[in-house]
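Engineer: requesting a structural model of the entry that follows:
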Amino acid sequence: MIDPLADLDIDVQSFDIPRLVSVYPDRAGVRWWTKAWFNNREEGECSVEIELQQAILFIHDRIEKDAWLEEYFPKQMEVYHQAIEQTREQILGQLNVTL
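Structural biologist: Got it, this is the predicted structure:
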């Protein structure tokens, strides 16, 4: 399939949805957690317990942010992908009207 947007000079970042993710230990440093914020929402998602090794890999940039979010926040990422696809379709629709 050929991407009709491939030759266009569009800044995709301006259409992206902000996604923040953090990892942190409990006070004793025994249990580790991850938390995510989508679309600059203040309260964020519920924290998810993770293994220490996973936290270390993420902290050292051995796991990409989106792969991490897909693993621990799959429902939210599904909504994210749907929103990006909807934006893409809107851009294509506007291009078709302009052309």
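
Engineer: switch to C-alpha atoms for all contacts and neighbour counts from now on
Structural biologist: Will do.

Engineer: against residue 34, how distant is residue 70?
Structural biologist: Remark: distance between residue 70 and residue 34 (CA to CA, to the nearest Å) = 13 Å.

Engineer: what of residue 64?
Structural biologist: In terms of CA to CA, residue 64 sits 14 Å off from residue 34.

Engineer: okay, those two: which has more neighbours?
Structural biologist: Shown here are residue 64 and residue 34; by other CA atoms under 10 Å, residue 34 has more neighbours (22 against 11).

Engineer: residues contacting the more buried one?
Structural biologist: 21-24, 47-50 (CA atoms under 8 Å, 6 or more residues apart in numbering).

Engineer: let's see that with 10 Å instead.
Structural biologist: Residues near residue 34 by CA atoms under 10 Å, 6 or more residues apart in numbering: 21-25, 45-51, 54-55, 68-69, 72-73.

Engineer: among those residues, the buried ones, what's the ChimeraX command?
Structural biologist: Buried subset of those, written as a ChimeraX selection, criterion 16 or more other CA atoms under 10 Å:
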select :21,23,24,47,49,50,54,55,68,69,72,73
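
Engineer: surely residue 18 is in contact with residue 66?
Structural biologist: No: counting by CA atoms under 10 Å, residue 18 does not reach residue 66; the two are 11.3 Å apart.

Engineer: the spatially closest residue to residue 37 that is not a sequence neighbour - how many residues pack around it?
Structural biologist: Spatial nearest neighbour of residue 37, excluding adjacent residues (CA to CA, 6 or more residues apart in numbering): residue 44 at 4.3 Å. Close neighbours of residue 44, defined as other CA under 10 Å, add up to 14.
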